[in-house]
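In: Give me coordinates for this.
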Amino acid sequence: MEGCGIFSGDLLIVDRSLTPVDGAVVIAVLNGEFTVKQLRLSQKTILLAAANADYTPIVVKAGMEFQVWGVVTYVVHGLQV
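Out: Predicted coordinates for the structure are as follows:
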């Protein structure tokens, strides 16, 4: 998710009380696995998109186990010494 400013080793602050909206970066559970993705919503589809265009968005379909666990509100970067 480097395209969203999230790098390996960063800490994510997640608000589970927020209602996810189109474009939000979320922690989602998809088929039992946690993932960090950008949520894309339309009237007919739910997509989980990586910030890297090399990865195909995941289309959430009927029968998939899917839950938005929380909305990422802040990213904490460590300082490199």
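In: shaky segments in the chain?
Out: Residue ranges of the chain with pLDDT under 70: 81.
In: report the longest strand in it, please.
Out: Longest strand of the chain, by residue count under DSSP state E: strand 66-76.
In: Need the residues that contact it.
Out: 5-6, 10-16, 18, 20, 24-31, 34, 36, 39, 46, 60 (CB atoms under 8 Å, 6 or more residues apart in numbering). Placement of C-beta: from N, CA and C, glycine included.
In: Let's see that with 10 Å instead.
Out: With CB atoms under 10 Å, 6 or more residues apart in numbering as the test, strand 66-76 has contacts from 1, 4-7, 9-21, 24-31, 34-39, 46, 48, 58, 60.
In: For those, which PyMOL command selects only the ones that are buried?
Out: To isolate the buried members of the contacts of strand 66-76 in PyMOL, using 16 or more other CB atoms under 10 Å:
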select buried, resi 1+6+14+20+24+25+26+27+28+36+37+38+39+46+48+58+60
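In: Okay, and which of the contacts of strand 66-76 map to strands?
Out: 11-15, 25-30, 34-39, 46, 48, 58.
In: Burial check on residue 64, number of neighbours?
Out: Residue 64: 11 surrounding residues under other CB atoms under 10 Å.
In: OK, contacts around it?
Out: Counting by CB under 10 Å, 6+ apart, residue 64 makes contact with 30-31, 46, 58.
In: Same list (these) but as a markdown table, adding distance to residue 71.
Out: Converted to a markdown table, these look like this (distance: CB to CB, whole Å):
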| residue | distance to residue 71 |
| --- | --- |
| 30 | 16 |
| 31 | 20 |
| 46 | 15 |
| 58 | 18 |
